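Enquirer: Sharing a model that was predicted from the sequence below.
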Amino acid sequence: MYRISVHPQALEETENAIEWYQRRSEIASDNFKSAIKKAFEDISKSPFTYTITYLDIHVYHLKKFPYSIFYLVENQSIIVLAIFHNSRNPNEWKKRLK
């Protein structure tokens, strides 16, 4: 399995989403956390399975939430660049490549 590291802004996006779901429902918040955990497990097991969306960046779409995880694979590591709501402008996370 690959080792996953998370960009600070992606971590902040995740925390914000968890807080948003928490304000609405404890169950929704727990389900979102579980979906992120499953996504990380899936990605770390087979990172090349998911679509390349931009340059060498792969994307994993959460099944029950309107979020996508954008990541790079470098050697035996996965770098999560963004955990992004699907309604947001994708050019925002692309700025993190610089």
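Expert: Alright, I've got the coordinates.

Enquirer: What ranges does this protein have for its strands?
Expert: With strands called from DSSP state E, the chain shows them at 3-6, 52-54, 57-61, 67-74, 77-85.

Enquirer: what about dumping the CA coordinates of the third one to PDB?
Expert: Translated: strand 57-61. Listed next in PDB are the C-alpha coordinates belonging to strand 57-61 (Å, rounded to 0.1, in the frame of the first residue of the first chain):
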ATOM      1  CA  ILE A  57      -3.400  14.200 -11.100                       C
ATOM      2  CA  HIS A  58      -5.900  11.500 -10.400                       C
ATOM      3  CA  VAL A  59      -9.400  12.100  -9.100                       C
ATOM      4  CA  TYR A  60     -11.500   9.900  -6.800                       C
ATOM      5  CA  HIS A  61     -15.200  10.800  -6.500                       C
END
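
Enquirer: who's in contact with residue 50?
Expert: Contact partners of residue 50, counting by C-beta atoms under 8 Å, 6 or more residues apart in numbering, are 43, 58-60. Glycine gets a C-beta too; all of them are placed from N, C-alpha and C.

Enquirer: before we move on, the earlier item: out of the strands of the chain, which comes closest to residue 21?
Expert: Evaluated over those, closeness to residue 21 peaks at strand 67-74, with 10.6 Å, by C-beta to C-beta.

Enquirer: top helix in the chain by residue count?
Expert: Counting residues, the longest helix found in the chain (DSSP state H) is helix 26-45.

Enquirer: what's near enough to touch the spatially most central residue of the chain?
Expert: Closest residue to the average C-alpha location of the chain: residue 69 at 2.6 Å, with C-alpha atoms, centre = their mean. Counting by C-beta under 8 Å, 6+ apart, residue 69 makes contact with 10, 36, 39-40, 43, 59-60, 62, 80, 82-84.
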